[in-house]
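Asker: Build me a model:
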Amino acid sequence: MRFINNLYEYKRNDFDYWNSKSFYILVFDSKEKSINYLANKLNISNFLETPNINYAESLVMKNYATLLDITNPSKKSILNKCLLQTPQDVELWKQWNNLYESEKVKEGFALKLFTRGYIDGDVINDLKIKRGMDEVLVRVIFLLGRPNTEDLVLKLANKISNPTLKECVMNIVTNEEDIQQYTLGVVK
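Answerer: This is a model prediction of the structure:
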């Protein structure tokens, strides 16, 4: 309880405190009690109706909505408003896509993120690489280029459609023990 008291004493605002305390309740008590705590603190209708942007409020609302069951009618509305307020929140977009979007939309989103340099396991899993997407293939190959992934790397390299690029990549993947070290410029 000392932690909660310190949170309250040094809080920036009520939203930060509520967010931290609800997380504490979630971890050390239960999801249901965390949801109930936030439900009693937050003004959902005010959040949904006002055009003002408050990042601390948006964060606690996002976390609250994440805890809610998919069948809760407020979940989608809250997440949508959070997306409008924080469109840079990639994790929120991934959550939204997984809950409410089609596979085609998820694939397009993953491709856009990946080609712009954002990389994580979820994004790579949602990628659907089609014929002629050599640049995406090469990026995946160099990301996967570890000694224990050589079979997959060779399989992907064989799918490169540009013959010159394919030859170059095949040369690298067959002659380098650790592609990631090669891409970092580490010479043995």
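
Asker: which SS class is the residue nearest to residue 90 when sequence neighbours are not counted?
Answerer: On the basis of CB to CB, 6 or more residues apart in numbering, the spatially nearest residue to residue 90 that is not a chain neighbour turns out to be residue 118, at 6.3 Å. The C-beta positions use only the backbone N, C-alpha and C, and glycine is treated the same way. For residue 118, the secondary structure call by DSSP: H, G, I helix; E, B strand; the rest coil comes out as coil.

Asker: i'd like the first residue to be 882 from this point on
Answerer: Understood, numbering begins at 882; the last thing we discussed is residue 999.

Asker: residues near residue 999, how many?
Answerer: A total of 11 residues lie near residue 999 under the criterion other CB atoms under 10 Å.

Asker: same question, residue 1039
Answerer: Neighbours of residue 1039 under the rule other CB under 10 Å: 12.

Asker: One more: residue 909?
Answerer: Under the neighbour criterion other CB under 10 Å, residue 909 is assigned a count of 11.

Asker: which ones are touching it?
Answerer: Residues counted as contacts of residue 909 (CB atoms under 8 Å, 6 or more residues apart in numbering): none.

Asker: sorry, back to before: distance of the residue nearest to residue 971 from residue 1020?
Answerer: Noted for residue 999: a distance of 11 Å to residue 1020, by CB to CB, to the nearest Å.

Asker: Equivalent analysis for residue 1064, please.
Answerer: Using CB to CB, one obtains 10 Å as the distance from residue 1064 to residue 1020.

Asker: Comparing these two, which residue is more hemmed in?
Answerer: Just comparing residue 1064 and residue 1020: by other CB under 10 Å the higher neighbour count belongs to residue 1020, 18 against 13.

Asker: Nearest residue to that one in space, please, no chain neighbours.
Answerer: The spatially closest residue to residue 1020, leaving aside those adjacent along the chain, is residue 995, at 6.9 Å (CB to CB, 6+ apart).

Asker: Only C-alpha atoms, please: export the host helix or strand of the one you found in PDB.
Answerer: In this structure, residue 995 sits in helix 984-996 according to DSSP states H and E. Extracted as PDB, the C-alpha positions of helix 984-996 are listed here (Å, rounded to 0.1, in the frame of the first residue of the first chain):
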ATOM      1  CA  GLU A 984      -7.400  -9.800 -42.800                       C
ATOM      2  CA  LYS A 985      -6.800  -7.600 -45.800                       C
ATOM      3  CA  VAL A 986      -6.700  -4.400 -43.700                       C
ATOM      4  CA  LYS A 987      -4.300  -6.100 -41.200                       C
ATOM      5  CA  GLU A 988      -2.000  -7.200 -44.100                       C
ATOM      6  CA  GLY A 989      -2.000  -3.700 -45.600                       C
ATOM      7  CA  PHE A 990      -1.200  -2.100 -42.200                       C
ATOM      8  CA  ALA A 991       1.600  -4.600 -41.500                       C
ATOM      9  CA  LEU A 992       3.100  -4.000 -45.000                       C
ATOM     10  CA  LYS A 993       3.000  -0.200 -44.500                       C
ATOM     11  CA  LEU A 994       4.600  -0.400 -41.100                       C
ATOM     12  CA  PHE A 995       7.300  -2.900 -42.200                       C
ATOM     13  CA  THR A 996       8.300  -0.900 -45.300                       C
END
